[in-house]
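Asks: Structure, please.
(chains A, B, C, D and E, ligands or ions: 4)
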Amino acid sequence: SETETGGESAGTETESSSDTTEEETAEVKDVKLVLNWFAKAQHGGVYAAQENGLFEENGLNLTIEPGGPQVSSINMVASGNAEFGLAHADQIVVARNQGIELVAVATAMQGSPQAFMFHKGHGIEDFEDLNGRKVYIQPGITYWEYLKTQYDLSGVEELAYTGQHVNFIPDEDAVTQAFLTSEPYFMELEGVEVETKLIADAGYDPYNVVLYVTKDYLEENEETVRAFTKAFVEGWNLYEDSYEEINKIIQQDNPDIEIESLKFEAESQADFVYGMDAAENGVGYMTEERWATLIQQLNDLKLLDEVFDANEIFANDYLPE
Amino acid sequence: MTVKTVPTNAELVNESSKLKVMKGKQKFNLKYLGPILALVIFLSLWQFIPALLDIKPFILPKPTDVVAAAVKDWHLLWPAMQITIFESVIGFILSAVVGIGISVLLASSRVLEISLYPYAVILQTIPIVAIAPIIVIWFGSGFNSIVIISFLIGFFPIVSNTLMGLNSVDKNMGDLFKLYNASKWQTMVKLRIPAAMPFIMSGLKVSCTLAIIGSITGEYIAGIGGGKGGLGYAITVAAVQLKTPYLFACAIAGALFGIVFYLIVSLVSRLVLKSWHESAMEAEK
Amino acid sequence: MTVKTVPTNAELVNESSKLKVMKGKQKFNLKYLGPILALVIFLSLWQFIPALLDIKPFILPKPTDVVAAAVKDWHLLWPAMQITIFESVIGFILSAVVGIGISVLLASSRVLEISLYPYAVILQTIPIVAIAPIIVIWFGSGFNSIVIISFLIGFFPIVSNTLMGLNSVDKNMGDLFKLYNASKWQTMVKLRIPAAMPFIMSGLKVSCTLAIIGSITGEYIAGIGGGKGGLGYAITVAAVQLKTPYLFACAIAGALFGIVFYLIVSLVSRLVLKSWHESAMEAEK
Amino acid sequence: MVNEKEVVLFQGVDKVYNTGTVALSQLNLSIKEGEFISFLGPSGCGKSTALRMVAGLGEATRGTVEVFGKNPKAVIETSNDVAFVFQDANLLPWRTVLDNVLLPLELRGSDKKSRKETAISVLEKVGLKDHIKSYPRELSGGMRMRVSIARALAAKPKLLLMDEPFAALDEMTRQTLQMDLLNIWEREKMTVLFVTHNVYEAVYLSSRIAVMSARPGRLSNLIDVDLTYPRERTTAKFTEYVDAASQSLEHSMGRKELV
Amino acid sequence: MVNEKEVVLFQGVDKVYNTGTVALSQLNLSIKEGEFISFLGPSGCGKSTALRMVAGLGEATRGTVEVFGKNPKAVIETSNDVAFVFQDANLLPWRTVLDNVLLPLELRGSDKKSRKETAISVLEKVGLKDHIKSYPRELSGGMRMRVSIARALAAKPKLLLMDEPFAALDEMTRQTLQMDLLNIWEREKMTVLFVTHNVYEAVYLSSRIAVMSARPGRLSNLIDVDLTYPRERTTAKFTEYVDAASQSLEHSMGRKELV
Ligand SMILES: Nc1ncnc2c1ncn2[C@@H]1O[C@H](COP(=O)(O)OP(=O)(O)OP(=O)(O)O)[C@@H](O)[C@H]1O
Ligand SMILES: Nc1ncnc2c1ncn2[C@@H]1O[C@H](COP(=O)(O)OP(=O)(O)OP(=O)(O)O)[C@@H](O)[C@H]1O
Ligand SMILES: [Mg+2]
Ligand SMILES: [Mg+2]
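Replies: Ligands and ions are numbered 1, 2, ... in the order given. From the prediction side, this is the model:
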């Protein structure tokens, strides 16, 4: 029912899209965004936009709902419990194969900060060096499937990643999955020296923290999506310089996280957010080529039944100029 | 003084035995009709409500979707089930043996009980997710840790029930044992344990189903080690890949195994209690 | 015919009452000494073994580390505990009410029991992680879902125990009710439920501790929604940040709450059973 | 007896338990309204079994048992006319003495105030007025049995079944209760089936005595006691009946030894 | 009695239960080795309470109880000399008749083969040889009580406590068991404390009769029965004792009414 009412109001919006300032201020729309984790610097843009009133300016009344270890934002968006979600690009592609038609409208990160983490001096040159070592990896995670098709990893002792590193730390030879933007910092804090190797080095580099909606929602609420995306991107731009203040807001939603760790995350993710393609095309920008590559890769992994056109799954059209 | 003798009315007897046969049939019908009807209703609701409300299979798959997924990926599902079954059974046996053992120990001394029982409660209430890494450090990743987690979850219901049972012995029977100078151990073996049997059995029933939850959760939090993954692993993978129908197939496989496990334990319970306890006794009139 | 009368030996009495006082004191000592000793031994082992083996605090924190972390982050820990307590209590009350209600319903008809009981077992054995998405979709992320998960975990031990109790009524008492033409409902209220009380109470004890596990796990799998996070959230975030001492503080807070919750339920259980059941009765001689 | 309505009818009743024990064999007996019939017989001859059948709590393996011309099960399911003093007190441990006695009245849904009065008055009769607030475990064996008797009397049944109700009582209490019971029986015109091992008691109370033999349980003799109430235990006629009953009982047991 | 060793001694014993009931008041009684003493008294006068104290299962509120010169608790904790036939059968429902009787022998750890022989022989004595494989719930009330008696006899105690053991039995079984009991008592030289409501039984069995009164339970009379065993129930002397005991009992109960 939520989608229906959304659809009606969207209809009126598209008709009078030329001069809508009056209507937009008159009619504030309630929308919900599900994060892909508890609030972090990854979501800095959202909080910056919220804090600076960008959503309100665009006629949106936003509720932010944090995710969690087992919370699937895709399920919540697909079922209509939320309008917007954040997820990684490969999750969005896989979802489509299950009949969940989503459209990515902006990405927070231009690449994937997903990496392997090693004890210092125990790093790897090549992914095949993982053989013979313990690797803590989340069961089913797609990049691991990808690596297994690219390299012979039959000698790896695969262990489940559980969100803790207590088993990794004492074992010099162990390898664990990690986010470049967070785990290494905590290791340093505890005096554990580590190195990292980006998964992207293997050629698997999906966009991370991607803003998406369902295809149906998009078709009926183009203006809302446009407004949201605008606020999202502008929020990221504001975050670049004001992250120290915004982090305090983030911490209100995730009080257990240390402000220093948010700072580290914000600084180490800057290149992913503002660098690469974003340097040229602005924050949130995506390319057809990257999406097509990802689709092809996932198809090769048999995670897709068939290859489809990348344009069906992403759109730069809603990004602000 | 009068003795009245009425000959056995053969017809009457015949009729009554006919009645009994009919009654037996009706009982049979009810006994099987009920569950079958319930199943049919349940499955049709599940099949048609999503269809009617247009709920997508990735949110709530219909039974047919689930069956299709199970058939398609049977070669993955079956081995996963076997692993989970194995882990759960071992975990359950561990919780039964250790649980009953510890209860007997605690019940044998009031001091021990009040000193150590809190730790049994802690074992139950401490969030296993939090201590999983320590379990892994001690027992290694994979099978051992999974079994330990399954054990930890199933352990407390047995302890709680067994202790309750051991402490609720009929006072007069206790007096009997006191009088005959029974040792603590004799009282335990010959009086308290038999008297606690109904409680113990109820604990075992709860705990056998928890053992499954335990081993599935265990695979989540303790990893699968070097070995093959069970249902927990399969569920994680299915969740990551958003294969909801297969995820449901895994969940239902777990649930079905749970029911079978439960039935087996119930059967054993009936056999054990048969000789004396009301709940297991066919009332004879 | 002889009547021998020996006057009360006042001294003798005095002596025996002195003896009783001493005995009382000894009992007191044992009652408190045991747990205290156990606690001291447990804590010292935990304190010194990591120190001896040079285990770092972020792998296995010592009690002092844990206490320090708890004190330092008390402003985070206390609100998290409050939330978890609230969720667990609501979840527990739900499972108690629904569990006992359903058991009574099932026990009132054999057909209902065999038709529906399997679904109660399913509710227990179905891996909650697997159906979490559906729970979240139906009940929303956060509080509601967490309570539902806590309820689902605590529900079955109550059903299993209550059913066992309702079905193990003394046959002679059952006959009495039959004879006096008691309705099903009267038999339930005046005979079966009171007779099942010890079983129900044992189920409640198990389930109150499970409710905590449920609400902590619930935050993992259903998120915290719009609300503030409880211990499950705190544990997750602490794990990522390698704040192992704080993680332990959270886990222990959960366990302590579990013990307190358990003690409260036990107390209620004693009060309820007091008037008649052996396990709760101070044997009078 | 003036009234000739049949209250209980055993017709060729056999009872074989699951275990193979033949508890009753070819029991034929018709009991008329207003009768006070006592069952005498060796331990294990099936007296309790027979009473349980009349109460609808057991089924005959062969033959029929009728109460008020109907199936006993139907009788207890449709009326409150039968009360039973079981061989053991069978009290609910979680109810006080008073609440135990109130039970049949509660189940019948009678008026709250009047039921309490009834209960207290029967408890007074059995000498337990001072213990109405006690729990069964706080009572002596004989007191528990008296509560059970009070419970049955409070129900004001048309058919009263009593299985060795006075066995645990001292002679004096016993005699008081015997007199009370006879008074109630005469006033309420109930039918009483009474099991006892005490021949004096049987003769003192009953209008008819059924003597049973064991292995398998059979009716071996029926003795009509033609004495007016209230009876004197010291008359020659009384002693005669006692001797007759004793002999009949001994005879029935002797026969058992032969089988 | 030749032997003058004291087996049981009550010295100024009071028993007040938690509930405030005064079950015994100023009980003074000394029982010598080899005595057969019966307790007669109204229901609820404290007979079972007194026996439980002797068995070490209850504590005196005031005064002392000694058995074999020691604290009763110490006695049961160090020896197997005391056996108790409780007022209700108190059988373990999960054990067969045979296993119930074997229990005290098992607990004592006696030889496996001989204990089975002992058990079967006492079961034969109480007429239950054919039921040794039955479970308690498959027995009649009287049969259960007989199992309980067999269990106590199988223990071959020096001090035997019996709380209305024969109340649920028919006269004939009762007389047989009375004779058996007397035989065993004479052969084994045990001391027996016996509670009964049957004055004939008390006179037939006991060397001494303790008559008690109620509210609070007190010893009101001690009657030495100077008759040789085996006794004849029909002699004038016997009847004299019965009358004396009955009167004493009535008197004691009359006194109660006055209080
Ligand atoms: N539930 C049962 N299952 C099997 N056998 C039984 C059952 N109840 C009674 N019996 C057997 O049936 C016979 C008759 O038992 P019943 O209780 O009717 O005897 P009774 O005449 O009341 O004896 P008593 O005077 O000792 O109470 C006995 O041999 C007993 O063993
Ligand atoms: N556990 C108990 N708690 C409180 N009061 C009790 C308890 N046991 C017995 N009494 C009370 O003590 C008194 C004596 O009881 P006891 O059982 O000794 O009587 P008794 O002489 O054996 O009677 P009976 O012949 O009826 O068996 C009774 O008034 C009874 O109510
Ligand atoms: Mg009987
Ligand atoms: Mg008594």
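Asks: which intervals of the stretch 1-150 of chain B have sub-threshold pLDDT?
Replies: Residue ranges of the stretch 1-150 of chain B with pLDDT under 70: B:1-31.
Asks: one more time with 90
Replies: B:1-66, B:68-70, B:72-77, B:79-81, B:83, B:107-146, B:149 (pLDDT under 90).
Asks: Give me the nearest residue to the residue of it with the smallest separation from chain A, chain neighbours excluded.
Replies: Closest to chain A within the stretch 1-150 of chain B is B:Pro133: 3.5 Å, counting by CB to the nearest CB. From N, CA and C alone the C-beta is placed, and that goes for glycine too. Among residues not flanking B:Pro133 along the chain, A:Val166 sits closest, at 3.5 Å (CB to CB, 6 or more residues apart in numbering or on different chains).
Asks: residues contacting the residue of the stretch 1-150 of chain B closest to chain A?
Replies: B:Pro133 makes contact with A:Thr162, A:Gln164, A:Val166, A:Asn167, C:Ile59, according to CB atoms under 8 Å, 6 or more residues apart in numbering or on different chains.
Asks: Surely the second one touches B:Ile135?
Replies: No. Counting by CB atoms under 8 Å, A:Gln164 stays clear of B:Ile135, with 11.3 Å between them.
Asks: Comparing these two, which shows the higher neighbour count?
Replies: Neighbour tally, A:Gln164 and B:Ile135, criterion other CB atoms under 10 Å in any protein chain shown: the higher count belongs to A:Gln164, 25 against 20.
Asks: top helix in chain D by residue count?
Replies: Counting residues, the longest helix found in chain D (DSSP state H) is helix D:236-258.
Asks: For the residue nearest to B:Pro133, grab the count of nearby residues.
Replies: Neighbour count of A:Val166, defined by other CB under 10 Å: 21.
Asks: Repeat that for D:Asn100.
Replies: Neighbours of D:Asn100 under the rule other CB under 10 Å: 27.
Asks: likewise D:Val22?
Replies: Count around D:Val22 with other CB under 10 Å applied: 15.
Asks: Now it: closest residue in space that isn't a chain neighbour?
Replies: Nearest one to D:Val22, counting by CB to CB, 6+ apart, is D:Pro216 at 3.8 Å.
Asks: Ok, D:Thr191 next?
Replies: D:Thr191 sits nearest to D:Val7 (CB to CB, 6+ apart), 4.5 Å away.
Asks: Name the strands paired with the helix or strand in which the one you found is found and say parallel or antiparallel.
Replies: Here D:Val7, judged by DSSP states H and E, is contained in strand D:6-16. Strands adjacent to strand D:6-16 in the sheet, as given by DSSP bridges, are strand D:22-32 (antiparallel), strand D:62-67 (antiparallel).
Asks: for whichever residue of the stretch 51-200 of chain B sits closest to ligand 3, what are its contacts?
Replies: Residue nearest to ligand 3 within the stretch 51-200 of chain B: B:Asn172 (20.4 Å; CB to the ion). Listed by CB under 8 Å, 6+ apart, the contact set of B:Asn172 reads E:Phe86, E:Asp88, E:Asn90.
Asks: now do 10 Å
Replies: Taking CB atoms under 10 Å, 6 or more residues apart in numbering or on different chains, we find B:Asn172 in contact with C:Glu278, D:Arg137, E:Leu57, E:Phe86, E:Gln87, E:Asp88, E:Ala89, E:Asn90.
Asks: Show me what the helix or strand hosting B:Ser160 is packed against.
Replies: B:Ser160 belongs to helix B:143-166 when assigned by DSSP H and E. The contact analysis (3 or more CB pairs under 10 Å, 6 or more residues apart in numbering or on different chains; DSSP states H and E) places helix B:143-166 against helix B:74-107, helix B:110-125, helix B:128-139, helix B:193-222, helix C:143-166, helix C:193-222, helix C:244-273.
Asks: Next, the angle from that helix to helix C:244-273.
Replies: 20 degrees (axes from the mean of the first three to the mean of the last three CA atoms, to 10 degrees).
Asks: where does the stretch 151-259 of chain D have low pLDDT?
Replies: Within the stretch 151-259 of chain D, the stretches with pLDDT under 90 are D:155-156, D:167-176, D:186-189, D:198, D:213-221, D:225-236, D:245-259.
Asks: Tell me which residue of it lies closest to chain C.
Replies: Counting by CB to the nearest CB, the stretch 151-259 of chain D gets nearest chain C through D:Ala155, at 7.0 Å.
Asks: Measure how buried the residue in the stretch 151-259 of chain D that chain A sits nearest to is and give me the count.
Replies: Residue of the stretch 151-259 of chain D nearest chain A, by CB to the nearest CB: D:Arg151 (58.7 Å). D:Arg151: 30 surrounding residues under other CB under 10 Å.
Asks: Next: A:Asp152.
Replies: Neighbour count for A:Asp152, taken as other CB under 10 Å: 11.
Asks: For the stretch 151-300 of chain A, what lies in contact range of chain B?
Replies: Residues of the stretch 151-300 of chain A found near chain B (CB under 10 Å from any CB of the partner chain) are A:156-171, A:298.
Asks: Would you state the helices of the stretch 201-321 of chain A in chain order?
Replies: Secondary structure of the stretch 201-321 of chain A (DSSP state H, counting those that start in this stretch): helices at A:215-220, A:222-253, A:259-274, A:276-281, A:288-300.
Asks: need the strands paired with strand D:6-16 in TSV with mean pLDDT and distance to E:Ile76, can you?
Replies: Converted to TSV, these look like this (pLDDT from 0 to 100; distance: least, CB to CB, whole Å):
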stretch	mean pLDDT	distance to E:Ile76
strand D:22-32	90	38
strand D:62-67	91	48
